[in-house]
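[1] here's my sequence, what's the structure:
(one chain, ligands or ions: 2)
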Amino acid sequence: MKAQLTSILRLTLLVGSFLLMYPLNAFALMDAMSTFDVKGTIGQEQLTVFWFTVGVSAFLLLTVGGVFFYALFRFRAKPGQDFVVPEQTHGSAKIEIALIIASCLLLLVIAVPNAKALFVMDKPPEGKKVMKVVAIGHQWWWEFQYPDLGITTANELHIPVDTAIDIDIKSVDVIHSFWVPRLAGKMDALPGQINRMWLDANEPGKYYGQCTEFCGDSHAQMRFLVFAHKQAEFDKWSRAEKADAIKPETVSQVNGQKVFMQGCNSCHAIKGTNAMGMVGPNLTHFGSRTSLGAVMYKNDTEHLAKWIKYPQQMKPGNLMKLEQANMLLSDKDVTDLVSYLQNLK
Ligand code: HEC
Ligand SMILES: [Cu+2]
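    Ligands and ions are numbered 1, 2, ... in the order given. Below is the predicted model of the structure:
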């Protein structure tokens, strides 16, 4: 009796959790990284292909299932009826050929929107404005270059809306993958090869991106943000971003810059100074970034100070290894560095 109860309980739990999965998934659909809530031409195209394929599959499931259940009920033994063995046959060339043709037709039907999507993904439509960006995967952050604008930044990609962003995707170390779920599909970043894709955003907003190819310790913390702006706002951003870094203003900032040039500069570049390191993110306008450590933390005083003092605790395994630059920072140095970097708007 008790054993029966436990197995009924188990079954209820199992069925219940399956039923719960549906509403939980529906919530997940509203998530910031949902491919069901798309705001880009390619994302939309891919979602259309998805729903279309789901529709064809559902049609198949209902037809085959329908015939099956119809036969099950229609030809069952009625109460009181004697058990008779039905006439036994084997195979039917006609039915089999018909089924093969029907399957081929269904596959053809699915192939049409797929082929169309391939053309959409291949290149932006004629007449659409195009902007070139180079996205470079580094263990565990993203570098973004705008070759026509002379801008290099990291982890936060700014784009104008309704413009095709023509992206060259590269890697300096291992294989990464570039993905902004609400705008477009994925593209691998391979060392020694340039992969191309384009995407656009139809609405201003903040879109989350993520590396989706396992690339080591901090792979899960290799996020990025895409900010889509109206053209005028984008122009304002790009003008500011193109300029050299702001000169330090206060005593603390002046000391911060001095400390920076004693080691941080071997890995980081700041335009308009002697810092030209290529190992870490370009920090020319770091003060205007909203995030820190590839979108792991908010870019505020508390997190920035902790990041500079204990980069390895903040993001285990990351390649900001202060020992390599022989840097021993006092608390005052950290405060001054924070003040210097925050001023780099
Ligand atoms: C050995 C090379 C190296 C040195 C030295 C170094 N960094 Fe870094 N730094 C990196 C790397 C690599 C990252 C990216 C880490 C990640 O997100 O995985 C980084 C990230 C950062 C970030 C976050 C940038 C962003 O956009 O997320 C800041 C700020 C920063 N470093 C400041 C400093 C300061 C200040 C110093 C000097 C005290 C310094 N770094 C020294 C390599 C270095
Ligand atoms: Cu990765």
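
[2] get me the contact residues on the stretch 101-250 of the chain for ligand 2.
    Residues of the stretch 101-250 of the chain that fall close to ligand 2, judged by CB under 5 Å from the ion: His176, Cys211, Cys215, His219, Met222. Placement of C-beta: from N, CA and C, glycine included.

[3] and Ala275, how many neighbours?
    The local packing of Ala275 (other CB atoms under 10 Å) involves 20 other residues.

[4] meant to ask about Cys211
    By the criterion of other CB under 10 Å, Cys211 has 27 neighbours.

[5] then the one 4 residues further on?
    Look at Cys215: counted by other CB under 10 Å, it has 21 neighbours.

[6] and it, how close does it get to Gly317?
    For Cys215, the distance to Gly317 (CB to CB, to the nearest Å) stands at 11 Å.

[7] show me what contacts the nearest residue to Gly150 once chain neighbours are set aside?
    The shortest distance from Gly150 to any non-neighbouring residue, by CB to CB, 6 or more residues apart in numbering, is to Lys242 (5.6 Å). Going by CB atoms under 8 Å, 6 or more residues apart in numbering, Lys242 touches Leu149, Gly150, Ile151.

[8] in TSV, list these along with pLDDT, neighbour count and secondary structure.
    Putting these into TSV (pLDDT from 0 to 100; neighbours: other CB atoms under 10 Å; DSSP: H, G, I helix; E, B strand; the rest coil) gives the following:
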residue	pLDDT	neighbour count	secondary structure
Leu149	96	15	coil
Gly150	94	11	coil
Ile151	96	22	strand
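
[9] quick check, nearest of the residues you listed to ligand 2?
    Nearest to ligand 2 among the contacts of Lys242 is Ile151, at 24.0 Å by CB to the ion.

[10] hmm, back to that, the residues of the stretch 101-250 of the chain next to ligand 2: which two are farthest apart?
    Pairwise distances among these were taken by CB to CB; the largest, 8.3 Å, belongs to His176 and His219.

[11] give me the residue ranges of the stretch 101-250 of the chain where confidence is low.
    The stretch 101-250 of the chain contains no residues with pLDDT under 70.

[12] cutoff 90 now
    217 (pLDDT under 90).

[13] contacts for the helix or strand in which Leu341 is found?
    Secondary structure from DSSP states H and E places Leu341 in helix 331-342. Outside helix 331-342, the residues within contact range by CB under 8 Å, 6+ apart are 248, 250, 252-253, 255-257, 259-260, 264, 283, 286-287, 301, 304-305, 308-309, 329.

[14] may I have stretch 190-208 exported as CSV, CA atoms only?
    Output in CSV follows, covering the C-alpha atoms of stretch 190-208 (Å, rounded to 0.1, in the frame of the first residue of the first chain):
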residue,chain,number,x,y,z
LEU,A,190,37.9,31.3,-35.5
PRO,A,191,41.6,32.1,-35.0
GLY,A,192,43.3,32.7,-38.4
GLN,A,193,40.0,33.1,-40.3
ILE,A,194,37.5,35.9,-40.9
ASN,A,195,33.8,34.9,-40.7
ARG,A,196,31.3,37.4,-41.9
MET,A,197,27.7,38.1,-40.8
TRP,A,198,25.4,41.1,-40.8
LEU,A,199,22.7,42.1,-38.4
ASP,A,200,20.5,45.1,-37.7
ALA,A,201,18.2,46.3,-34.9
ASN,A,202,14.8,47.7,-35.8
GLU,A,203,14.3,49.4,-32.4
PRO,A,204,16.5,51.4,-30.1
GLY,A,205,17.4,49.4,-27.0
LYS,A,206,19.9,47.2,-25.1
TYR,A,207,20.4,43.7,-26.4
TYR,A,208,22.4,41.0,-24.7
